[in-house]
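Peer 1: Sequence first, predicted coordinates after that:
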Amino acid sequence: MTKAELVEDVARAAELTKKDAERLVEIVFESIIETLNHGEKIELRGFGSFRVRERGARRGRNPKTGDPVNIPAKRVPYFKPGKELKELINQDTAPASKQSDTSGFGGEGSGENTPPIL
């Protein structure tokens, strides 16, 4: 889903104009960014939580030259899904039979004997 699609969904669900829905989405994003920028955690019950994690300095390698490179410490945003969100995402997930497998891997007549590249 893109931001534009999210705006359309909000406009439709809340019976708002697209302009008003876009402003609402912007306000929510700005609030999340500002809160994280201050190092605070955001908890949305039933959905998940946003927080900032410190990523320590480390040594890496320049992919072109192979030379070692110092990578500085930095802060990165992190989202942890809540229990309810995980359950909703996985509620329809059950062991699939060969007939319902739509992955194109290993099903009857697929001719595929190699696993998909992840």
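Peer 2: Done, it's in.

Peer 1: Could you use CA atoms for every contact and neighbour count after this?
Peer 2: Noted.

Peer 1: how about the strands of the chain, start to end?
Peer 2: Secondary structure of the chain, counting by DSSP state E: strands at 42-44, 48-55, 58-61, 68-71, 74-81.

Peer 1: Identify, out of the ones you listed, the most deeply packed stretch.
Peer 2: Most buried of the strands of the chain, by mean neighbour count (mean count of other Cα atoms under 10 Å): strand 48-55, with a mean of 15.

Peer 1: Kindly present the strands of the chain as JSON lines, with separate columns for mean pLDDT and distance to A4.
Peer 2: Supplementary listing: these in JSON lines, determined by pLDDT from 0 to 100; distance: least, Cα to Cα, whole Å:
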{"stretch": "strand 42-44", "mean pLDDT": "96", "distance to A4": "22"}
{"stretch": "strand 48-55", "mean pLDDT": "96", "distance to A4": "22"}
{"stretch": "strand 58-61", "mean pLDDT": "96", "distance to A4": "37"}
{"stretch": "strand 68-71", "mean pLDDT": "96", "distance to A4": "35"}
{"stretch": "strand 74-81", "mean pLDDT": "96", "distance to A4": "21"}
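
Peer 1: what's the spacing between the longest helix seen in the chain and its chain's center?
Peer 2: Using DSSP state H, we find that the single longest helix of the chain is helix 18-37. Remark: helix 18-37 is offset 17 Å from the chain centroid, using Cα atoms, centre = their mean, to the nearest Å.

Peer 1: Counting by contacts, list what that helix packs against.
Peer 2: Judged by 3 or more Cα pairs under 8 Å, 6 or more residues apart in numbering; DSSP states H and E, helix 18-37 is in contact with helix 3-14, strand 42-44, strand 48-55.

Peer 1: quick one on the thing from earlier: looking at the strands of the chain, spot the one closest to M1.
Peer 2: strand 74-81 (17.2 Å; Cα to Cα).

Peer 1: Give me the contacts around that closest one.
Peer 2: L36, F47, G48, S49, F50, R51, V52, R53, E54, R55, G56, A57 (Cα atoms under 8 Å, 6 or more residues apart in numbering).
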